[in-house]
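Colleague: below is the sequence, then the predicted model.
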Amino acid sequence: MATSLKALLLFAAAMSAFAAEPKTAQLEVSGMTCSLCPLTVRKALERVPGVLDAKADLATHSAQARYDPDKVSAEALAKAVSEAGFPAKAKP
């Protein structure tokens, strides 16, 4: 059993070496008008597979998400926010 555990740990370590470095997407978000809007935007981002964490700011009409680029793109994040009712675009 100890050999199986060692093999599993080695495999997990090897696979993590191939994982992409997380990226951060900056989004311009229009249509946020109340204190609940950033919560809706953040939740829309967090539901996207590959998003590690997200936040949204009413004052700056922006959102930020840290994500795995192997699983999702900044453009897909903007689309998810837009589909939640808040037109968004990724900042370059």
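Modeller: Arrived safely.
Colleague: every contact and neighbour count from this point should use C-alpha atoms.
Modeller: Fine.
Colleague: can you pull out the strands in the protein?
Modeller: Along the chain, counting by DSSP state E, strands occupy 23-29, 51-57, 62-67, 88-90.
Colleague: now tabulate these in TSV and tack on mean neighbour count.
Modeller: Output for those, formatted as TSV (neighbours: other Cα atoms under 10 Å):
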stretch	mean neighbour count
strand 23-29	19
strand 51-57	18
strand 62-67	22
strand 88-90	22
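Colleague: among those, which is nearest residue 37?
Modeller: strand 51-57 (8.6 Å; Cα to Cα).
Colleague: report the central residue of this structure.
Modeller: residue 51 (2.7 Å; Cα atoms, centre = their mean).
Colleague: redo the strands of the chain as JSON lines? Include mean pLDDT and distance to residue 77.
Modeller: Output for those, formatted as JSON lines (pLDDT from 0 to 100; distance: least, Cα to Cα, whole Å):
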{"stretch": "strand 23-29", "mean pLDDT": "98", "distance to residue 77": "8"}
{"stretch": "strand 51-57", "mean pLDDT": "98", "distance to residue 77": "9"}
{"stretch": "strand 62-67", "mean pLDDT": "98", "distance to residue 77": "8"}
{"stretch": "strand 88-90", "mean pLDDT": "98", "distance to residue 77": "8"}
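Colleague: now distance to residue 41 too, for these, in a markdown table please.
Modeller: Formatted as a markdown table, the strands of the chain follow (distance: least, Cα to Cα, whole Å):
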| stretch | distance to residue 41 |
| --- | --- |
| strand 23-29 | 9 |
| strand 51-57 | 6 |
| strand 62-67 | 8 |
| strand 88-90 | 10 |
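Colleague: related to what we said a few turns ago, could you list every residue that touches the residue nearest to the residue nearest to the centre of the chain when sequence neighbours are not counted?
Modeller: With sequence-adjacent residues excluded and distances taken as Cα to Cα, 6 or more residues apart in numbering, residue 51 is closest to residue 67, at 4.3 Å. With contact set as Cα atoms under 8 Å, 6 or more residues apart in numbering, residue 67 has these partners: 22, 23, 24, 25, 50, 51, 52, 53.
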